[in-house]
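Predicted model and sequence follow; I will ask about them next.
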Amino acid sequence: MDKAITTALMLIVSVVVSVMVFNTVYPAVNQSSAALVGMRGRIDDRLKSQVEIIHATGELDKDGAWQDINGNGTFDIFVWVKNVGATRIIAVQRMDLFLGPEGNFIRIPYKDDAGGSYPYWEWQVENDTAWNPTATLKITVRYGSLLSSGRYFVKLTLPNGLSDSFFFSM
């Protein structure tokens, strides 16, 4: 009889321990699964989103000197970026733009975030109604004063972390 009671108690303890282990492990496995699904979605978004800076130049005259060609009172740098990915890029104003002389570049705020001070950037899609695949985005960086000539660096980072960089001379 003692063996039967001991065996029954051991069986009950085994079931209770098994339930406790299951209640501990199952939520962790379930949470890991959700994290993997979320990560797959972000990786898929990054693989489908690709941009390439195709050209950059300053507001220069035919001799290469700075000139306010469009007469708006600012000196502008123009950067053209092609959407070479497979998906439309949204929230363009949330991108990060870094620009400046090689080795001395800064983050340029978007126009709405600049608080009326220079420099700032704004954008327009040139050959479509949205920044769809194959469309080109023209970024205009506005400065209140002349920039020095030399080699410049520009880097554009999308909200999902994908980026492209480009060197150009003015």
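Everything's here; your move.

The stretch of helix or strand residue 154 belongs to pairs with which strands?
With elements delineated by DSSP states H and E, residue 154 resides in strand 151-157, which encompasses its position. According to DSSP bridges, the neighbouring strands of strand 151-157, each with its direction, are strand 96-101 (antiparallel), strand 163-169 (antiparallel).

if we compare those, which one ends up closest to residue 118?
Residue 118 lies closest to strand 96-101 among these, at 12.3 Å (CB to CB). Quick note: C-beta positions are derived from backbone N, CA and C, even for glycine.

Partner strands of the helix or strand following that closest one, with direction?
Past strand 96-101, heading to the C-terminal end, the next element that is a helix or strand (DSSP H and E) is strand 106-108. Strand 106-108 has the following strand partners under DSSP bridges: strand 96-101 (antiparallel).

model confidence over the partner strand, on average?
Model confidence over strand 96-101, given as mean pLDDT, is 96.

Which segments of this protein make up each domain?
1-48, 50-169 (automatic domain parsing).

Show the average pLDDT along the shortest one.
To tie it back to what came earlier, the one meant is domain 1-48. For domain 1-48, the mean pLDDT works out to 68.

Show me which of the strands paired with strand 151-157 has the highest average neighbour count.
Mean neighbours per residue, mean count of other CB atoms under 10 Å, is largest over the strands paired with strand 151-157 for strand 96-101, with a mean of 18.

pLDDT score assigned to the residue nearest to residue 135 when sequence neighbours are not counted?
Spatially, and ignoring its direct neighbours in sequence, residue 135 is nearest to residue 128 (3.8 Å; CB to CB, 6 or more residues apart in numbering). At residue 128, the model reports a pLDDT of 93.

just the one 3 residues further on next, same as before
Residue 131 is assigned 94 on the pLDDT scale.

list the contacts for it?
Applying CB atoms under 8 Å, 6 or more residues apart in numbering, one finds that residue 131 lies in contact with 83, 88-90, 92, 125, 137.

Quick one: classify it as helix, strand or coil.
Reduced to three states with DSSP: H, G, I helix; E, B strand; the rest coil, the structure at residue 131 is coil.

How about it: what's its closest non-neighbour residue?
The shortest distance from residue 131 to any non-neighbouring residue, by CB to CB, 6+ apart, is to residue 89 (4.5 Å).

For ChimeraX, write a command that selects the buried ones of the contacts of residue 131.
Selection of buried members from the contacts of residue 131 for ChimeraX, criterion 16 or more other CB atoms under 10 Å:
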select :83,89,92,125,137
